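Take a look and give me a structure for this.
(2 chains)
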Amino acid sequence: MESINYQNFRIDAENICVDYNGKVALYDANLRLKPGQICGLVGMNGAGKTTFFNALTGFVNISKGKIRINGESVRSAQKDQTIAYVPQSEGIDSQFPINVWDVVMMGRYGSMNIFRCPRESDVQAVKDAIERVDLTDHLSTPIGHLSGGQRKRTFLARAIAQRASILLLDEPFSGVDIRTEKLISELFIQFKNEGKTILLSTHDMIHVREFCDLVLLINKTVVAYGETSEVFTPENITTTFGGISPDFLFGPES
Amino acid sequence: MELCSFLTLDSLITDPLTHDFMRKALLMSSLVAAVCGFLSSYLTLKGWALMGDAVSHSVMPGVVVAYALGLPFSLGAFIFGVGSVALIGFIKQKSRVKEDTVIGLVFTGFFALGIVLVSKIKSNIDLHSILFGSPLGISLSDVKQTIFISLLVVILLSIFRKDLMLYCFDPRHAKTVGINVFFLHYLLLTCLSLAAVVGLQSVGIILVVAMLITPGATAYLLTDKFDNMTIISVLSAIISSLIGIYISFWFDLETGGSIVLAQTFIFLFAFLFAPRYGLFKLKKFFSSYK
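All right, here's what the predicted structure looks like:
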């Protein structure tokens, strides 16, 4: 028998369960991702996608199972700034009085001193990140004055500034303009080449086929997991969405 | 002739300052207002108005018990303030009752307990001054305690200013990058309890929640920058306190009520005339005439 070297996996979730006060949100879920892999997380609303993200970031505690990030615990992944979370547009108070620069700077907080005073290197990281998402003209724009796509890019810049090796993106393509969509997909290819691991949840099946090496279909637990070409079949999708046929979901051409 | 000299602005402002109790009231209330105003921006953004109401009412039995036992009243208030929040969390988790109902239920229960205790424990506790505040009759030991607590809250909020802002804005990100969200949650609650304690001296338990939410709400209408919001919040709180105390002196009105009314008027002014977020959107109005 060959022993598995857990260090090889960026994310290694084994039989994880999450329940909120006795109500099961996710059970017996497994996921293994290596550096440079992009995995799509697909499921209905309430299927446990956000719960999965929450478990990986340590925002909720798992009641069973084991999560290893780069072979270490979630706690030490938090300390090492390993994981960046890019929230869903609805998950953010867009009226909060804060500008683009300050949001992106929050990506550096974890590695600053207790007063969160930016060092030269933090300022540079924030500048670079904002440049990569093409928001240099909006440094001091309050996030409430941005378009949906620009706001999405702001949070992506925060993840870049954090220099995380794992990116979790909750619905990165929902409610964004074409320019942002193109910019995000270009960034994904760059991230992949940099060896970052990406897990993204999406409703858009075309995006899954376009970017994702792997796909994880969930409905409270894993329905199917593997290479997109093998796993992303109409039968599996139908099971994931509780018996609704993919024709109905994405139109007859897919 | 005499009436005229009485009505000069100068004497209206300076005359009250000849009284020792007025000087003390103005200073103490400004300090308390500054502390509550500082905290107010966080509570407004976190959506903790109801929580502020709950904590400020729940400290009542703590104040009474501490007085009866000869302990600093801030200690009793603090224990009951944090205790009420813990109880709210516990009942919410263990029952199907909705959160706002639980909050209302717990704080009125604590408040009622406080009132019952006051009637039972015969001491020098003045129910009226707890309920409605007595900035004009503040004692020396109260002054010391108020200054100490105020400084403590200001120092805590200043040190964790950015972390608390992140906690209000995006707790999930805070947790992901290893910031102790549990600690920040209780830090904010602790500051809330302490601010409620100092605030109740100037406006009383019933109205202290106004000190904790109105300045922040006013500032929120006037700016898109967090730091400016804090500054505006603190300033509007201090100005309201000064206006309120003067008005109560000139017209012989209840002081606590006057302070809160002044805050409410400043809020209404911002609500109507704030350049960008006011009802009349003055910024648009003026720029269309350029």
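
Please state the offset of stretch B:17-37 from the chain centre?
The chain centroid and the centroid of stretch B:17-37 are separated by 14 Å under Cα atoms, centre = their mean, to the nearest Å.

That one close to chain A?
No: shown here: stretch B:17-37 not in contact with chain A (Cβ under 8 Å from any Cβ of the partner chain), separated by at least 15.3 Å. C-beta coordinates here come from the backbone N, C-alpha and C atoms, glycine included.

And the helices in the stretch 101-250 of chain A?
A:120-132, A:148-162, A:178-193, A:205-211, A:228-231, A:234-240, A:246-250 (DSSP state H, counting those that start in this stretch).

Please identify the most buried of the ones you listed.
Ranked by mean neighbour count, the helices of the stretch 101-250 of chain A are led by helix A:148-162 with a mean of 25 (mean count of other Cβ atoms under 10 Å in any protein chain shown).

What is it packed up against?
Secondary-structure packing of helix A:148-162 (3 or more Cβ pairs under 8 Å, 6 or more residues apart in numbering or on different chains; DSSP states H and E): strand A:83-86, helix A:100-105, helix A:120-132, helix A:178-193.

Is it possible to get CSV of the helices of the stretch 101-250 of chain A that adds distance to A:Asn70 and mean pLDDT?
Compiled in CSV, the helices of the stretch 101-250 of chain A are given as follows (distance: least, Cβ to Cβ, whole Å; pLDDT from 0 to 100):
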stretch, distance to A:Asn70, mean pLDDT
helix A:120-132, 21, 97
helix A:148-162, 15, 96
helix A:178-193, 16, 94
helix A:205-211, 23, 86
helix A:228-231, 24, 90
helix A:234-240, 29, 87
helix A:246-250, 35, 56
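
Out of these, flag the one nearest B:Gly178.
helix A:148-162 (11.0 Å; Cβ to Cβ).

so which of the helices and strands packed on helix A:148-162 comes closest to B:Leu12?
helix A:100-105 (43.4 Å).

can you list the residues that contact the closest one?
A:118, A:122, A:126, A:129-130, A:135, A:138-141, A:143, A:146, A:154-155, A:157-158, A:161, B:226 (Cβ atoms under 8 Å, 6 or more residues apart in numbering or on different chains).

Based on its surroundings, how many neighbours for the closest residue to chain A within the stretch 151-290 of chain B?
For the stretch 151-290 of chain B and chain A, the shortest gap (Cβ to the nearest Cβ) falls at B:Val177, measuring 3.1 Å. Residues near B:Val177, counting by other Cβ atoms under 10 Å in any protein chain shown, number 26.

That one contacts A:Met112, doesn't it?
No: in terms of Cβ atoms under 8 Å, B:Val177 does not count as a neighbour of A:Met112; the distance is 9.9 Å.

Now do the same for the helix or strand hosting B:Ala219: mean pLDDT, whole number.
Per DSSP states H and E, B:Ala219 falls inside helix B:208-222. The average pLDDT for helix B:208-222 rounds to 96.

still on that earlier bit, what distance do you get for the residue of the stretch 151-290 of chain B closest to chain A to B:Val198?
Using Cβ to Cβ, to the nearest Å, B:Val177 is found at 33 Å from B:Val198.

Then A:Ala25?
42 Å.

which residues sit in contact with residue 174?
No chain specified, so I'll use chain A. A:Ser174 neighbours (Cβ under 8 Å, 6+ apart): A:88-89, A:202-204.

actually chain B
So B:Ala174 contacts A:109, B:163, B:166-167, B:181, B:184 (Cβ under 8 Å, 6+ apart).

which stretches of the chain aren't confidently modelled?
Answering for chain A, as no chain was given. For chain A, applying pLDDT under 70 flags the ranges A:1-7, A:245-254.

Switch to chain B, please.
Using pLDDT under 70, the flagged stretches of chain B are B:1-7, B:122-124, B:288-290.

can you list the residues of it near chain A?
Counting by Cβ under 8 Å from any Cβ, chain B sits next to chain A at B:45, B:93, B:159, B:162-163, B:165-166, B:168-179, B:220, B:223-226, B:228-229.

More neighbours: A:Ala25 and B:Val198, which one.
Neighbours were counted for A:Ala25 and for B:Val198 using other Cβ under 10 Å; B:Val198 has more, 27 against 19.

how big is the angle separating the helix or strand hosting that one from helix B:208-222?
Using DSSP H and E, B:Val198 sits in helix B:181-203. Taking axes from the mean of the first three to the mean of the last three Cα atoms, to 10 degrees, one finds helix B:181-203 and helix B:208-222 inclined to each other by 110 degrees.

Quick one: list the elements packing against helix B:181-203.
When contacts are defined as 3+ Cβ pairs under 8 Å, 6+ apart, helix B:181-203 packs onto helix B:20-46, helix B:49-69, helix B:73-94, helix B:140-159, helix B:161-169, helix B:171-176, helix B:208-222, helix B:255-273.

How far does the fifth one sit from its chain's centre?
Yep, that's helix B:161-169 we're talking about. On Cα atoms, centre = their mean, the centre of helix B:161-169 falls 19 Å from the chain's centre.

How about chain A: which residue is closest to chain B?
For chain A, Cβ to the nearest Cβ, closest residue to chain B: A:Gly110, 3.1 Å.

what's near enough to touch that residue?
With Cβ under 8 Å, 6+ apart, A:Gly110 has these contacts: A:78-79, A:81, A:162, B:177-179.

Let me have those in TSV, adding distance to B:Ile259 and secondary structure as columns.
Output for the contacts of A:Gly110, formatted as TSV (distance: Cβ to Cβ, whole Å; DSSP: H, G, I helix; E, B strand; the rest coil):
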residue	distance to B:Ile259	secondary structure
A:Gln78	44	helix
A:Lys79	46	helix
A:Gln81	46	coil
A:Gln162	44	helix
B:Val177	40	coil
B:Gly178	42	coil
B:Ile179	36	coil
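
quick check, nearest of those residues to B:Cys36?
B:Ile179 (25.5 Å).

Go ahead and confirm the closest one touches B:Lys162.
No: applying Cβ under 8 Å as the test, B:Ile179 and B:Lys162 come out as separate, 10.0 Å apart.

picking that back up, how close does the residue nearest to the residue of the stretch 151-290 of chain B closest to chain A when sequence neighbours are not counted sit to B:Thr255?
Excluding the flanking residues, the one nearest B:Val177 by Cβ to Cβ, 6 or more residues apart in numbering or on different chains is A:Gly110, at 3.1 Å. Per Cβ to Cβ, A:Gly110 is found 46 Å from B:Thr255.

for chain B, what are the nearby residues on the stretch 101-250 of chain A?
Residues of the stretch 101-250 of chain A lying near chain B (Cβ under 8 Å from any Cβ): A:102, A:106-107, A:109-111, A:114-116, A:142, A:144-145, A:158, A:162.

Now for these, which sits with the most neighbours around it?
A:Arg158 (29 neighbours).

That residue: what's it in contact with?
Residues near A:Arg158 by Cβ under 8 Å, 6+ apart: A:84, A:86, A:103-104, A:106-107, A:129, B:173.

thinking again about what came up before, determine which two of the residues of the stretch 101-250 of chain A next to chain B are furthest apart.
Every pair of those checked by Cβ to Cβ; the farthest is A:Ile114 and A:His145, at 31.3 Å.

Name the surrounding residues that touch stretch B:83-95.
Contacts of stretch B:83-95 (Cβ under 8 Å, 6+ apart): A:21, B:51, B:54-55, B:58, B:97, B:99, B:102-103, B:105-107, B:110, B:189.

again, 7 Å this time
A:21, B:54-55, B:58, B:97, B:99, B:102-103, B:106-107, B:110, B:189 (Cβ atoms under 7 Å, 6 or more residues apart in numbering or on different chains).

do stretch B:102-113 as well
B:50-51, B:53-54, B:57-58, B:60-61, B:80, B:84, B:87-88, B:91-92.

Now A:Thr50. Nearest residue, chain neighbours left out?
A:Asp170 (6.4 Å).

should've said B:Phe132
B:Gly204 (4.0 Å).

how many neighbours does that neighbour have?
B:Gly204: 24 neighbours (other Cβ under 10 Å).

Check chain A and tell me which residue is nearest its centre.
A:Leu168 (1.7 Å; Cα atoms, centre = their mean).

All set, thanks.
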